[in-house]
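Colleague: any chance you can model this:
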Amino acid sequence: MRVVVIGGAGYIGSHIVLEAIERGYDITVFDDLSTGFKENINENVQFIHGSTLSISDLSKLFKQNRYDAVVHLAASKAAGESMLEPAIYAQNNIIGGLNVINACSDYDIKIFIFSSSAAVYGLPDYNPLDEGHPLSPINYYGQTKLHIEESLEWFSNLKGIKYASLRYFNAAGYDLKKRIKSLEVNPQNLIPVVMESAIGMRDEVEIYGNDYNTKDGTGVRDYVHVSDLARAHIDSIDYISKENKNLAINLGNGIGYSVLDVIKKLSEISKKSIKYRIVGRRSGDSGTIIANAELAKRLIGWKARYSDLDTIINSTWEIYKI
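Modeller: Coordinates of the predicted model:
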């Protein structure tokens, strides 16, 4: 099967490429390298430099080869930034995403795997969150993901594209064989921020609130190992190929870890003291967000294998300590 991974030089994309190669897929990576890294591009793939914001670039991509499926990950991803710079998210996430969908329609590509997010749910009415939870984003990042999900549903009905909307919870960890080594630049997520503190790039970690209704007062999140995420993308392609049905599924561990759990685990593994400071809550943050991923298990046979906190922190520390 020939698959193009749009955003395949990024953190998650490069792990998806590894999984796809191991399954025997013929992979092309399409990336503008604005946030991805050339060193992430596997030597066994074809690389095409280009942007989802360029109709010309996308046309060249799809004219060069006949693809069976597209995996689309190229988007801006910081929820907080999306509230300060909505124009960037409108352009990169919505316009870029629609350009890719249109290109798939124009070139008769029938399988579309979309990197969505638990942010489409907004504040949880209950935990763990299942796919029946109302879709009510509280930040513009989540709204951009929902917009593309809804557009895919329309294109499926009108143009016959079959799609998977994969709603990630908190992607974390690194390839256990250490084949991906690039560190995120200016990270917004907790685990890389804590890692930067451990290696001296930051003086301290800011914890946004310690008065939530959780075991230690700090926010609890569901972390899913990036290699587990990668496997779900290929499983989704296989499912759609066989069943010719759409998917909208959660990808999470089903277990919540608090901010202090993460800090303590890294301190234990790294043998380093992690300084932190409690600051005020961030607007829109919830105390607890945990996934119910039973639908993914039932439909595509997926479950998290590497998403325990020890494996996530160990695999990340192995890269950061180098």
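Colleague: help me confirm that residue 211 is found in a helix?
Modeller: No. Remark: residue 211 does not belong to a helix; assigned using DSSP: H, G, I helix; E, B strand; the rest coil, it is coil.
Colleague: skipping adjacent residues, who's closest to it in space?
Modeller: residue 217 (5.4 Å; C-beta to C-beta, 6 or more residues apart in numbering). The C-beta positions use only the backbone N, C-alpha and C, and glycine is treated the same way.
Colleague: isn't that neighbour right up against residue 208?
Modeller: No. Taking contacts as C-beta atoms under 8 Å, residue 217 lies outside contact range of residue 208: 11.4 Å.
Colleague: quick one, strands of this protein?
Modeller: Secondary structure of the chain (DSSP state E): strands at 2-6, 26-31, 46-49, 69-72, 111-117, 162-168, 170-172, 205-208, 220-225, 247-251, 256-258, 276-279, 288-289.
Colleague: let's have these in a markdown table, adding mean pLDDT and distance to residue 138.
Modeller: Output for these, formatted as a markdown table (pLDDT from 0 to 100; distance: least, C-beta to C-beta, whole Å):
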| stretch | mean pLDDT | distance to residue 138 |
| --- | --- | --- |
| strand 2-6 | 98 | 27 |
| strand 26-31 | 98 | 30 |
| strand 46-49 | 97 | 35 |
| strand 69-72 | 98 | 24 |
| strand 111-117 | 98 | 12 |
| strand 162-168 | 98 | 15 |
| strand 170-172 | 97 | 16 |
| strand 205-208 | 96 | 15 |
| strand 220-225 | 98 | 15 |
| strand 247-251 | 98 | 18 |
| strand 256-258 | 98 | 19 |
| strand 276-279 | 97 | 20 |
| strand 288-289 | 97 | 12 |
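Colleague: and the pLDDT for residue 185?
Modeller: Residue 185 is assigned 84 on the pLDDT scale.
Colleague: neighbours of it, how many?
Modeller: Per other C-beta atoms under 10 Å, the neighbour tally for residue 185 reads 8.
Colleague: what do you get for residue 213?
Modeller: Neighbour tally, residue 213, other C-beta under 10 Å: 8.
Colleague: this structure: helices as residue ranges?
Modeller: 11-22, 55-64, 79-84, 86-89, 96-106, 140-159, 190-198, 226-243, 259-270, 294-300, 309-320 (DSSP state H).
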